[in-house]
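Q: below is the sequence, then the predicted model.
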Amino acid sequence: MSDDQQLRRSKEQQTADISEAQIAVHWPEEDYFSPSATFIAQANLTDTSVFERFSLDRSPDCFREFADLLDWYQRWEKTLDTSNPPFWRWFVGGKLNACFNCVDRHLAKHKNKTAIHFVPEPEHETVQHITYQELFVRVNEFAALLRDFCGLKAGDRVTLHMPMVAELPITMLACARLGVIHSQVFSGFSGKACADRVVDSESRVLITMDAYYRAGKLLDHKEKADIAAAESAKDAHKVDKVLIWQRHPGKYSSPTKLVEGRDVIVNDLLRKYRGKRVEPAHMPAEAPLFLMYTSGTTGKPKGCQHSIGGYLAYVTWTSKYIQDIHPEDVYWCMADIGWITGHSYIVYGPLALGASSVVYEGVPTHPDAGRPWRIAEDLDVNIFHTSPTAIRALRRDGPDEPAKYNYRFKHMTTVGEPIEPAVWKWYHKMVGKGEAVIVDTWWQTENGGFLCSTVPAIHKMKPGSAGPGIPGIHPVIYDDEGKELPAGSGKAGNICIRNPWPGGFQTIWKDPDRFVAQYYARYCKDRKSKDWRDWPYMAGDGAVQAADGYYRILGRIDDVINVAGHRLGTKELESAALLVDEVAEAAVVPAADEIKGKVPDLYVSLKPGLQASKEIANRISAAIVSEIGAIARPRQVIIVPDMPKTRSGKIMRRVLAAISNHQNPGDVSTLANPEIVDKIKELVK
Ligand code: WTA
């Protein structure tokens, strides 16, 4: 055999059982794309000395520059307090208000400027352009209602279960004005999922909307509030008040009845608060701004607690320099405010900079794949931000649509999942018309804002790679034994961040031990140390760093499936399946999907003596939708005679994942029941 043949043969043998992460490493390197001279000429950040200013040895003091973008009632005394690792405290002693920074401070110069463009999904409905002055008025009136009618005060938690409407940022900002901690739950989540978050955060007030439009239908949303309240009661937690915004002001659009003494129509009650003004609370930088629940390795979603000062400073700086937002820009992030991307890069970052931010209610491809480009043309959007899942769908349904519309993006973002180079290139050529720069931003709910990305006017772009750490962020890749992989080695390992940064979450709500265990324990160098250098943050993603310093993110190393950019815990799905009486065991694995990146496949075995049936499979699917929400619906429910198991009885999810993805499951001879593998393959065909 020639060397060449031998090499090929050994590669073939390897691919038989190597993991997806390792396969990704063999992807070819892509060519670079350069930002245009026009973009560079207007960019906020072109000075390459920024990297020196934010070098590791200048950390944490360098982050003063972030906080200096905000208005403070009282300047902070200490940039970073490390006395209780890894519970970092940023800008200690400082006082500020997030709502003041996003609204009031813009009034002097920009009161007549649009803060929020609300685009309803039905195309015949008029777009609302809410100026900073109007935002100020509406936020104040609603804050007065929250304070005087609900009795809410700084430090209380409130759960929001609201769709993509202008009332959502208004509600968040009203909470922030009072120092009330908001916890917005993605509107697509079920009433049950909402209840879990209400109970965990001990919210006495739930704020929702009667209905909203999605894919051409007016959905009843209020019914979910009833389920949320009923489910909370089962956990001995009472929801005292449900505040309901009307999707069509003046008209109640839900068939679900109001519950007397509990439910209140906000639009009616607001009349009492006309003209009311509420002084923004002078909040400590370290007080929490909001909770955002996300999936992790165990079943229960965790409430990531974000601070006011550190978080707001971080999203403002990154919006200005990575999103390149100028006050005159029209910026559209097509994420949902129910996720962290929407909090940071629809609401807090853009509004802190006084930009105009677009809030679009519906599905990107409704009524057709030209919709986003019509919106962009009408509003003259020049910065666009979305996910690979949306880009894949728009490319599939209307590959030539963007060219039909007269808009020009200077800047575009992708976030939430790895983007395939071919999809990236369509985004660049068709959506960006070959002119817009693209940033591929890698980060997580826990992080507050971007961690890795190119700086748009400084770095070249490389399709499929996020880029280096942004200024001030110093990533490192460790192997499983805790050894640092050499920089630029191209080897896969676990990506961590060496230093604390202001946007990082403060803790998991009511679960500080889990915070330490999940993010810091594995690579901590000395548990007694008060030096942040000993406490790298573990993100839970696999990654490689190429010789040019760019990181390519390979995906989760834990039990999290990233479906269409949404994080779902496999344990959450499995527990939901086990609620169906007949189910004995459940295992969820990610299956590759052309549009959504990954979708969950659910394998279940039934209790002894029971026959598999379509009816049972449907009930299992329905249980998942009612427990979590439609985004978690499995692609298929496969009822198997038995799970593939090790001799010690562990379910081999890796084998199931290989079957779902039509890959070779490798050597299964060591399983307790190897014969089951072929039977399962038959079922999946
Ligand atoms: C994944 C979303 C590749 C990653 C902001 C991370 C990405 C998880 C990227 C966090 C990217 C996010 N390229 N993968 N640019 N951005 N991810 O908490 O696995 O909803 O851990 O935050 O999404 O998802 P989350």
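A: On my side now, so go ahead. Because the structure is a prediction, the values reported are computed rather than measured. Numbering: from 1, shown residues only.
Q: how close does the nearest residue to Ala98 once chain neighbours are set aside sit to Thr38?
A: Nearest residue to Ala98, sequence neighbours excluded (CB to CB, 6 or more residues apart in numbering): Ala176, at 4.2 Å. Where you see a C-beta, it was placed from the backbone N, CA and C, and this is true even at glycine. As defined by CB to CB, to the nearest Å, Ala176 lies at a distance of 36 Å from Thr38.
Q: returning to what we had before: number of nearby residues for the residue nearest to Ala98?
A: 29 (other CB atoms under 10 Å).
Q: secondary structure class for it?
A: For Ala176, the assignment made with DSSP: H, G, I helix; E, B strand; the rest coil gives helix.
Q: residue contacts, Cys51?
A: One thing to correct before we go on: residue 51 is Phe, not Cys. Counting by CB atoms under 8 Å, 6 or more residues apart in numbering, Phe51 makes contact with Pro471.
Q: residue contacts, the residue nearest to Met430 when sequence neighbours are not counted?
A: Counting by CB to CB, 6+ apart, Pro402 is the residue found nearest to Met430 once chain neighbours are left out, at 4.8 Å. Shown in contact with Pro402 (CB under 8 Å, 6+ apart): 373, 430-431, 433.
Q: now, of the residues you listed, which are buried?
A: 373, 430-431 (16 or more other CB atoms under 10 Å).
Q: looking at those, which one is closest to Pro634?
A: Val431 (31.1 Å; CB to CB).
Q: the closest one against Phe384, yeah?
A: Yes. With contacts counted by CB atoms under 8 Å, Val431 reaches Phe384, the gap being 7.2 Å.
Q: need the residues touching each of those two.
A: Common neighbours of Val431 and Phe384, using CB under 8 Å, 6+ apart, are 409, 412.
Q: show me what from the protein comes close to the ligand.
A: When proximity is defined as CB under 6 Å from any ligand atom, the chain approaches the ligand at 294, 339-341, 415-418, 440-445, 466, 539-541, 553, 555-556, 562, 567.
Q: 8 Å - rerun?
A: Proximity of the chain to the ligand, by CB under 8 Å from any ligand atom, involves residues 294, 339-341, 388, 414-419, 440-447, 452-453, 466, 539-541, 553, 555-556, 560, 562, 565-567.
Q: which of these fall within helices?
A: Under the assignment DSSP state H, the residues of the chain next to the ligand contribute 340-341, 388 to helices.
Q: and which of those is nearest Gly503?
A: Using CB to CB, those come closest to Gly503 at Ile340, 10.1 Å.
Q: now for the residue of the stretch 551-685 of the chain found nearest the ligand, how many residues are close by?
A: Proximity to the ligand, evaluated over the stretch 551-685 of the chain using CB to the nearest ligand atom, is greatest for Ile553 at 3.6 Å. Neighbour count of Ile553, defined by other CB under 10 Å: 23.
Q: same check on Asp31?
A: For Asp31, the neighbour count with other CB under 10 Å is 11.
Q: need the contact list for it.
A: Applying CB under 8 Å, 6+ apart, the residues near Asp31 are Lys462.
Q: distance of it from Thr454?
A: Taking CB to CB, one finds Asp31 at 15 Å from Thr454.
Q: give me the neighbour count for the nearest residue to Gln74 once chain neighbours are set aside.
A: Nearest residue to Gln74 in three dimensions, chain neighbours excluded: Lys95, at 4.0 Å (CB to CB, 6+ apart). Neighbours of Lys95 under the rule other CB under 10 Å: 18.
Q: quick check: Lys95 vs Ser253, distance?
A: Distance, Lys95 to Ser253, by CB to CB: 41 Å.
Q: likewise Ala355?
A: Taken as CB to CB, the span from Ala355 to Ser253 is 31 Å.
Q: for the helix or strand where Arg396 lies, enumerate the helices and strands it packs against.
A: Using DSSP states H and E, Arg396 sits within helix 388-397. Secondary structure elements in contact with helix 388-397, counted by 3 or more CB pairs under 8 Å, 6 or more residues apart in numbering; DSSP states H and E, are helix 421-426, strand 597-606.
Q: taking strand 597-606 as reference, get the angle to the helix or strand just after the last one.
A: Spelled out, that is strand 597-606. Next along the chain after strand 597-606, taking DSSP H and E as the criterion, comes helix 614-627. When axes from the mean of the first three to the mean of the last three CA atoms, to 10 degrees is applied, the directions of helix 614-627 and strand 597-606 differ by 120 degrees.
Q: switch to numbering from 25
A: Fine by me, first position is 25 from now on; the one you just mentioned is helix 638-651.
Q: leaving out chain neighbours, which residue sits closest to Glu598?
A: That would be Ala610: by CB to CB, 6+ apart, it lies 4.3 Å from Glu598.
Q: what sits against the one you found?
A: Taking CB under 8 Å, 6+ apart as the contact definition, Ala610 lies against 597-598, 601-602, 626-628.
Q: among the helices and strands of this protein, which has the poorest mean pLDDT?
A: helix 27-41 (a mean of 41; mean pLDDT, DSSP states H and E).
Q: and Asn688, how many neighbours?
A: Other residues near Asn688 come to 11 when the count uses other CB under 10 Å.
Q: can I assume it is in contact with Ala682?
A: Yes. Contact criterion CB under 8 Å: Asn688 and Ala682 qualify, at 6.4 Å.
Q: quick one: distance of the longest helix along the chain to the chain centre.
A: Across the chain, the longest stretch assigned as helix under DSSP H is helix 156-172. Taking CA atoms, centre = their mean, to the nearest Å, one finds the center of helix 156-172 at 27 Å from the center of the full chain.
Q: and the residue of the stretch 125-274 of the chain found nearest the ligand, how far is that from Leu192?
A: Nearest residue of the stretch 125-274 of the chain to the ligand: Phe210, at 10.2 Å (CB to the nearest ligand atom). Separation of Phe210 from Leu192 (CB to CB) stands at 11 Å.
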